[in-house]
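[1] Here is my input; please provide its structure:
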Amino acid sequence: MDSLYLGLISGTSADGIDAALVRFEGDDPHAPCTLVLGRTFGWDDGLRARLVALGQGGDCTSLDELGMLDVQVAGAFADAATTLLAEAGVAAARVRALGSHGQTVRHRPGAQHPFTMQLGDGNVIAERSGITTVCDFRRRDVAAGGHGAPLLPALHAALLLSRDEQRAVLNLGGIANLTLLPRSGDVRGFDTGPANALLDAWCERQTGAAFDAGGAFAASGAVDAALLQRLLDDPWFAQPPPKSSGREQFHLDWVEARLRGGERPADVQATLLELTAASIADALLATQADTQRLLACGGGVHNPRLLRAIAARLPAVRVDSTAALGVDPDFVEAMGFAWLARETLAGRPGNLPAVTGARGARVLGAIHHA
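    Residues are numbered from 1 along each chain as shown. Alright, predicted model coming up:
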C-alpha cells in the first residue's frame, strides 16, 4: 500500500527549512519513493542569525533562551509542514508520520562526553501539525559510539546505487559529505569538509548577499595557492573516516586565523571554493579511486563554478546532478528524513555502522504521537 510521509530539515547553513512530501510504494526499506511536493521556507531573520551564531560556537545566554529557541524552531518547522500540505491539498490525517531533523546548534561526537544537539521540540511539532512526529535522530547513534552523521547514505543507496557503475553521491550543503556506492561491497559515507557554510558566510560579510549566486563573487577573484595550502593543512582533513563536522569546526574565525592580511576578499572567496573542491576530490580519490560517476545534490549544485572546480580535479569522473536520475537535488535530504521516520515506525535501524562508526545498527529517533 502506498503511504505518505513528510520530511523536514534545516542544514548547517541554516538558509531555510526544506520540506518534502514523499510517497512510498510499499513498506520495504528499499521500496520506490517519489517526491510529491518539495518547498523551502525562509527563517525569520533574527532567529536565523541567533541559530547561526550558536552553530559557530556561540553560547546561549541562559537556559531560558535555549528552551525558547527549542520551541521557536519547532514552531517554524510545524508551520513549514502545514503550509506544504495546504499547497499540496493533502490533509494531515493522510500523512503517516513526519520526520524532523531540527536545527543543529552543536555537534561534538569527539568530546570527552560525546553529544550532538538539534533544536526543534518534537512535542510542539506534533501538537501544531497534528502529525505523528519522529525527531532527534542523531543522538542514539552518538550514544552507540558513532558520529551521528551522515545519516543519508542508506537512502542514497536505496535511490541511486547501480550494479553497473561505481558511483558516489556528494551532498553540497553547509558541510560537504560523500556516500560511496560501489557496484558491490559496503556502502560508506563521511563528511569531507566545508561547502556552502564558509562560502555563504564570507560572501555575506563582504558583500551583504546571503550567498554567492552562480559563483560570481568567486569568479571575480583568483585562488591564493599559499592560503589554500594553509587551509588544507588543518589536521581534520587528514583524519580517516568515519568523521563528521559542522560550523563549530569550520567558521569565519577559522578562516581569518589563516589569513596573512591584505588578501583581496574576492581572492579569499575563490580560495574557499577551491578548498571545497580540493577536499572533496582528495577524499574521493583516497577512498574510492575508481569512481565513475559522482552525483551531486544540495544547494551547492546551483553553483556551476563549484561543480566545474570539482570536475576539474576529477577528470576521470562524470559529475552530474542527481536530477539526471530523476531525483530532485534540492530535496534529497528532506526526503531522507521522511524515509528515516518510516524506518523508525517500522522498528528498523536507520544508521549504517560502517558510515557513522557506531557499535551496531540502531533504531533512531523519538516518536511523538499526534
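[2] Tell me which helix or strand comes right after the longest strand seen in the chain.
    Ranked by residue count, the top strand of the chain under DSSP state E comes out as strand 95-108. Counting by DSSP states H and E, the next helix or strand C-terminal to strand 95-108 is strand 115-119.
[3] Where does pLDDT dip in the chain?
    Residue ranges of the chain with pLDDT under 70: 1.
[4] on that earlier part again, okay, buried residues for the longest strand of the chain please.
    95-107 (16 or more other CB atoms under 10 Å). For every residue, glycine as well, the C-beta is placed using N, CA and C.
[5] helix or strand for residue 8, which one?
    Assigned by DSSP H and E, residue 8 belongs to strand 2-10.
[6] how about the helices in the stretch 101-250 of the chain?
    With DSSP state H, counting those that start in this stretch, the ranges of helices along the stretch 101-250 of the chain come out as 122-129, 138-143, 153-160, 196-207, 216-219, 225-232.
[7] how about those in TSV, adding mean neighbour count and distance to residue 78?
    Listed next are the helices of the stretch 101-250 of the chain as TSV, based on neighbours: other CB atoms under 10 Å; distance: least, CB to CB, whole Å:
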stretch	mean neighbour count	distance to residue 78
helix 122-129	20	4
helix 138-143	22	20
helix 153-160	22	23
helix 196-207	21	26
helix 216-219	20	35
helix 225-232	16	39
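[8] Reformat the ones you listed as TSV; add distance to residue 322.
    Output for the helices of the stretch 101-250 of the chain, formatted as TSV (distance: least, CB to CB, whole Å):
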stretch	distance to residue 322
helix 122-129	27
helix 138-143	23
helix 153-160	7
helix 196-207	17
helix 216-219	23
helix 225-232	27
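[9] one step back: tell me the strands beside the strand holding residue 8, with direction?
    Sheet pairing of strand 2-10 (DSSP bridges) gives strand 17-25 (antiparallel), strand 95-108 (parallel).
[10] Let me know the angle separating that strand from helix 122-129.
    When axes from the mean of the first three to the mean of the last three CA atoms, to 10 degrees is applied, the directions of strand 2-10 and helix 122-129 differ by 120 degrees.
[11] For strand 2-10, C-alpha coordinates in CSV please.
    Written as CSV, here are the backbone C-alpha positions of strand 2-10 (Å, rounded to 0.1, in the frame of the first residue of the first chain):
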residue,chain,number,x,y,z
ASP,A,2,1.3,3.5,-0.9
SER,A,3,1.9,5.8,2.1
LEU,A,4,2.8,9.4,2.6
TYR,A,5,5.5,10.7,4.8
LEU,A,6,6.8,14.2,5.3
GLY,A,7,10.5,15.2,5.9
LEU,A,8,11.9,18.4,7.3
ILE,A,9,15.4,19.7,7.6
SER,A,10,17.4,22.9,8.1
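[12] How far does the host helix or strand of residue 70 sit from its chain's centre?
    Under the criterion DSSP H and E, the helix or strand holding residue 70 is helix 63-88. Chain-centre distance of helix 63-88: 19 Å, with CA atoms, centre = their mean, to the nearest Å.
[13] try stretch 303-321
    19 Å.
[14] Identify all contacting residues around it.
    With CB atoms under 8 Å, 6 or more residues apart in numbering as the test, stretch 303-321 has contacts from 170, 172, 195, 199, 212, 214-215, 218-219, 273-274, 276-278, 280-281, 284-285, 291-297, 300-301, 329.
[15] for it, which positions count as buried?
    Neighbour counts using 16+ other CB under 10 Å place 303, 305-307, 309-311, 313-314, 317, 319-321 of stretch 303-321 among the buried residues.
[16] residues in contact with residue 291?
    166, 167, 168, 180, 284, 314, 317.
[17] give me phi/psi at it?
    Main-chain dihedrals, residue 291, degrees, to the nearest 10: phi -60, psi 130.
[18] Count the residues that sit near residue 302.
    A count of neighbours around residue 302, defined by other CB atoms under 10 Å, yields 17.
[19] Do you have the strands of the stretch 201-350 of the chain handy? List them.
    293-297, 318-321 (DSSP state E, counting those that start in this stretch).
[20] Enumerate every residue touching the nearest residue to residue 44 once chain neighbours are set aside.
    Spatially, and ignoring its direct neighbours in sequence, residue 44 is nearest to residue 76 (7.3 Å; CB to CB, 6 or more residues apart in numbering). With contact taken as CB under 8 Å, 6+ apart, residue 76 is in contact with 17, 41, 43, 44, 47.
[21] Checking my notes, the third one in a helix, right?
    No. Under the criterion used here (DSSP: H, G, I helix; E, B strand; the rest coil), residue 43 is coil, not part of a helix.
[22] What count of nearby residues applies to it?
    Residue 43 has 20 nearby residues by other CB under 10 Å.
[23] Now for it: which residues touch it?
    Applying CB under 8 Å, 6+ apart, we find residue 43 in contact with 10, 14, 15, 16, 17, 51, 76.
[24] What is the most widely separated pair among the residues you listed?
    Pairwise distances across those peak at 13.3 Å for 15 and 76 (criterion: CB to CB).
[25] Pull out the buried residues from stretch 256-273.
    258, 266, 267, 268, 269, 270, 271, 272, 273.
[26] so who does the spatially closest residue to residue 78 that is not a sequence neighbour touch?
    Nearest residue to residue 78 in three dimensions, chain neighbours excluded: residue 128, at 3.8 Å (CB to CB, 6+ apart). Neighbouring residues of residue 128 by CB under 8 Å, 6+ apart: 74, 75, 78, 79, 82.
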